[in-house]
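What shape does this take:
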Amino acid sequence: MKPMNPLKRPLYILSFFFLWGLLTANQQPARAQITQQAAREDALVRLSRREARTFDSAFQTLAAQARVAFVAEGAPRNRTLDDKQLQGIPAEAPLDEMVNKLADAYDYVVERRRSTSIFILKKRYTDPADLPGVTLEEGRLALRDVLRILSRHHRKTDSSRLLRDLAASLTQDQLRQMRGRREGTGIRSPFPKSQALPLTALSARQRALVWQFTTYFYVQRKAQWADAIASEMDALLVDGAAFGWSSQYGDRAFGYETPNKSQGAPIGAVRFWPLSSRMVTAMVVKKSDASARRIPGYMTPLQKEAEKPDPTAPTPPTDIASPAAREAAAPSTLQSVVARLNARPGSGDTRMAVDDALADKPVTVFGTESAAPGQILDALAAVYGLRVKVQEDDGTLLLTRRLPRMAPRITDLPDTVRHSYPEPLLRAFLADARDRFDAEEREQDLRRQQPREEAAPPTDAAAYWAAERQRSAERHDRQMQLSRRGGAVRIAAMQRLRTLIEPKVKDAPTGRVPLSSLGGEERMALAVLLLADTWTQMNEVLRRPAPEWIADFDRLYIVGGLTEQEGKQFFSLFLASLLPDGKRAGIIGPGTARVPYPKQLLRSSGKPD
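So this is what the prediction gives:
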């Protein structure tokens, strides 16, 4: 073997480093990009007062300076900050701090995706008039999902028939034990536990009847209300509607009528909101019925009398008065943003699309060139609680609704029903009060789970019961606060709908404006208004954890029984729970009084069936 020429050794070494450089050349830009990204996220950014004053200029400037992207839910209700709000915006600050202060000023919360340099801005909905971006089609699909979930935990039944069957099965001894402490024909709570009948003392059939009665209130009544609203949305989307004024029902009101094409009737459903009423109500006619029924919404005054405007005068939006200005300032939609992503050079062969039911959801984006199209699509999904689905036929990335979850147990209903509602709608209705409410409910639930018989009796009975009454009053106030919040959103949706449609009604030759001619903003206000009608009914199902009279059913008592008044027999039933002292019980959950009961069905046997 010939020895290597010493002069060639340096050439081999140089060749080795040259090849290594070629192999690692493609990795250097990526590393440099990561380093540059981290540097610009931590670097100082600057905003002048003029730039910070408006939403668009502030975030456009930050996107250009730091080369990051912003994906915002809709657009802020007030796109311009006043001088007082500007005082909290620094002229120079780290990017994270600047974004958080701006988002707070415009009523957003920030979710940062560091790996992609994308900031997601979600609305806090501090102002009830800042309506969530929910489309009519999306709301209808959400309610249908809710109905499928609820249908697994109830069978349609007649609560009066259930009570009559239960009353007929009770023995005289059982009826005497569940008498409670009575005042006249009523029951005063709390009462000694000896005056309530534990469910464990009932037969299997009797417990089944009580459970059906309980789930009737918890599930079936909610499903009936949701089904009515979902059917109304079906009628709107299939048959259309005509908006305008009406005095047909004895009160000047603004609303809509839908033709009942499927049954050949001239009118399918009518929903009008009388202006003279200080409460939020709706006059509704279903199908071809001639009689109108007034459906109360949230029992919340529209406004104080001193602040009540002229009902005949349209109220323009406070932030953007003219339709032209409103159109110019309108945010993009999911459809338009995805179309721009598909048109970007270098987007590749993968195409992106949006579910038709979600296409009109508003969104505002800045700096999208700083992130890949797929990353922007993921951010669009995150801002509205959606998902990206890969189409099997052509590989298209479809932005669509979340898959509904089924509730294997009835106690899972709160989480599964919440998951089915549009995510921004929940944030608007709850406005973070629900989390505080749930935390306090969980604390009370843990207190209830202490061993009932071993619970130490209060040292000061008067102080104990005073504290119990105070806790009950506070809980009632929290529930009313949640209802008022939902009612405030409903009022704002009704007023926005009228504000947007009324000018078109005045210009229409027939005084009626078809639903097909309305834009996305009008349709979204209508969707929020209809979904708000389900809120008072669904409020109980949405409460976490599930109420005690569902989650702790086997440890409950029943109280009530038979009463006679003016020669007629009535049956009453209420669920009761043992109080922490282990000696008294109090009424909780659903119940009913004065259900007519035929005397001849009264059992005389001393044994339960």
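
ok, Val505 touching Ser517?
No: distance between Val505 and Ser517: 10.9 Å, which falls outside the contact criterion (CB atoms under 8 Å). For every residue, glycine as well, the C-beta is placed using N, CA and C.

Give me the more crowded residue out of those two.
Shown here are Val505 and Ser517; by other CB atoms under 10 Å, Val505 has more neighbours (18 against 12).

what sits against that one?
Val505 is in contact with Phe243, Gly244, Trp245, Gly511, Arg512, Val513, counting by CB atoms under 8 Å, 6 or more residues apart in numbering.

Give the helix, strand or coil label for the closest residue in space to Trp549 that isn't next to it in sequence.
Once flanking residues are discounted, Trp549 sits nearest to Gly589: 3.1 Å by CB to CB, 6 or more residues apart in numbering. Here Gly589 is recorded as strand under DSSP: H, G, I helix; E, B strand; the rest coil.

on that earlier part again, widest-spaced pair of the contacts of Val505?
For those, the maximum inter-member distance is 10.8 Å, found between Trp245 and Val513 (CB to CB).

For the two, indicate the residue with more neighbours.
Comparing Trp245 with Val513 by other CB under 10 Å, the one with more neighbours is Val513, at 22 against 17.

contacting residues around that one?
Ala242, Phe243, Gly244, Ile501, Lys504, Val505.

Closest to Glu73 out of the residues you listed?
Ile501 (24.2 Å).

The stretch 1-150 of the chain: strands as residue ranges?
44-46, 69-73, 92-94, 108-113, 118-123 (DSSP state E, counting those that start in this stretch).

Export these as JSON lines, with columns for distance to Leu197.
Output for the strands of the stretch 1-150 of the chain, formatted as JSON lines (distance: least, CB to CB, whole Å):
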{"stretch": "strand 44-46", "distance to Leu197": "69"}
{"stretch": "strand 69-73", "distance to Leu197": "52"}
{"stretch": "strand 92-94", "distance to Leu197": "66"}
{"stretch": "strand 108-113", "distance to Leu197": "50"}
{"stretch": "strand 118-123", "distance to Leu197": "50"}
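
Now tabulate those strands in CSV and tack on mean pLDDT and distance to Ser332.
Converted to CSV, these look like this (pLDDT from 0 to 100; distance: least, CB to CB, whole Å):
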stretch, mean pLDDT, distance to Ser332
strand 44-46, 93, 24
strand 69-73, 96, 10
strand 92-94, 93, 28
strand 108-113, 90, 16
strand 118-123, 96, 14
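
Take the ones you listed and lay them out in a markdown table including mean neighbour count and distance to Lys84.
Output for the strands of the stretch 1-150 of the chain, formatted as a markdown table (neighbours: other CB atoms under 10 Å; distance: least, CB to CB, whole Å):
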| stretch | mean neighbour count | distance to Lys84 |
| --- | --- | --- |
| strand 44-46 | 16 | 21 |
| strand 69-73 | 26 | 23 |
| strand 92-94 | 14 | 19 |
| strand 108-113 | 17 | 18 |
| strand 118-123 | 24 | 21 |
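
nearest to Gly487, of those strands?
Short answer: strand 118-123, nearest of those by CB to CB, at 19.2 Å.

what's that closest one in contact with?
68-74, 76, 99, 103, 107-113, 130, 132, 371, 375-376, 379, 382-383, 424, 427-428.

for the stretch 301-450 of the chain, what spans make up the helices?
For the stretch 301-450 of the chain, the helices defined by DSSP state H, counting those that start in this stretch occupy 323-328, 334-343, 373-384, 413-420, 423-430, 433-448.

Could you list the low-pLDDT ranges of the stretch 451-600 of the chain?
Counting by pLDDT under 70, the stretch 451-600 of the chain contains low-confidence residues at 451-486, 536, 593-595, 597-600.

Surely Glu73 touches Val363?
Yes: between Glu73 and Val363 there is a contact under CB under 8 Å: 6.7 Å.

what sits in contact with each of those two?
Taking CB under 8 Å, 6+ apart as the contact rule, Glu73 and Val363 both touch Gly133, Val383, Tyr384.

Pipe these into TSV and attach neighbour count and pLDDT per row.
Shown next, in TSV, are the shared contacts of Glu73 and Val363 (neighbours: other CB atoms under 10 Å; pLDDT from 0 to 100):
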residue	neighbour count	pLDDT
Gly133	28	94
Val383	25	96
Tyr384	25	95
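
Closest to Pro198 out of these?
Taking CB to CB as the measure, Pro198 sits nearest to Tyr384 out of the shared contacts of Glu73 and Val363, at 47.8 Å.

That closest one reaches Leu426, doesn't it?
No: contact criterion CB under 8 Å: Tyr384 and Leu426 do not qualify, at 11.7 Å.

Look up phi and psi at the residue nearest to Lys583 when sequence neighbours are not counted.
Closest residue to Lys583 apart from its sequence neighbours, by CB to CB, 6+ apart: Lys193 at 6.2 Å. In terms of degrees, to the nearest 10, the main-chain angles of Lys193 are phi -60, psi -20.

Likewise for the one 10 residues further on?
Note on Ser203: its backbone torsions stand at phi -70, psi 170 [degrees, to the nearest 10].

where's it relative to Ala532, distance?
Distance, Ser203 to Ala532, using CB to CB, to the nearest Å: 43 Å.

do Thr126 as well
Noted for Thr126: a distance of 18 Å to Ala532, by CB to CB.

higher neighbour count, the two?
Regarding Thr126 and Ala532, a neighbour count based on other CB under 10 Å identifies Ala532 as having more, with 25 against 10.

ok, the more buried one touching Arg490?
Yes: counting by CB under 8 Å, Ala532 does reach Arg490; the two are 3.7 Å apart.

Please name the nearest non-neighbouring residue to Pro128.
Take Pro128 and drop its neighbours on the chain: the residue closest to it by CB to CB, 6+ apart is Ala488, 3.7 Å away.

what pLDDT does the residue nearest to Ile376 when sequence neighbours are not counted get?
Nearest non-adjacent residue to Ile376, counting by CB to CB, 6+ apart: Thr368, 5.3 Å away. If you check Thr368, the pLDDT there is 92.

Could you measure from Thr368 over to Asp173?
74 Å.

more crowded one of the two?
Shown here are Thr368 and Asp173; by other CB under 10 Å, Thr368 has more neighbours (20 against 14).

show me what contacts the more buried one?
Ala69, Val337, Arg340, Leu341, Ile376.

thinking again about what came up before, return the member of the helices of the stretch 301-450 of the chain having the minimum mean pLDDT.
helix 323-328 (a mean of 40).

which element is the closest residue to Met538 other than its chain neighbours on?
Counting by CB to CB, 6+ apart, Met538 lies nearest to Lys222, which is 5.7 Å off, once chain neighbours are set aside. When elements are assigned from DSSP states H and E, Lys222 belongs to helix 221-239.

Now the element after that helix, going C-ward?
Defined by DSSP H and E, the subsequent element after helix 221-239 is strand 242-246.

strands paired with that next one, and their directions?
Paired with strand 242-246 in the same sheet, following DSSP bridges, are strand 253-260 (antiparallel), strand 513-514 (antiparallel).

Can you flag the weakest of those strands by average pLDDT?
Across the strands paired with strand 242-246, strand 253-260 gives the lowest mean pLDDT, at a mean of 76.

now the angle from that strand to helix 221-239?
For strand 253-260 against helix 221-239, the angle by axes from the mean of the first three to the mean of the last three CA atoms, to 10 degrees is 70 degrees.

Just the CA trace of strand 253-260, in CSV.
The C-alpha coordinates for strand 253-260 follow below in CSV (Å, rounded to 0.1, in the frame of the first residue of the first chain):
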residue,chain,number,x,y,z
ALA,A,253,-94.3,46.2,18.0
PHE,A,254,-91.3,45.4,15.9
GLY,A,255,-90.5,41.9,14.8
TYR,A,256,-90.9,39.3,12.0
GLU,A,257,-93.3,36.8,10.5
THR,A,258,-92.4,33.5,8.8
PRO,A,259,-94.7,31.9,6.2
ASN,A,260,-95.8,28.4,7.0
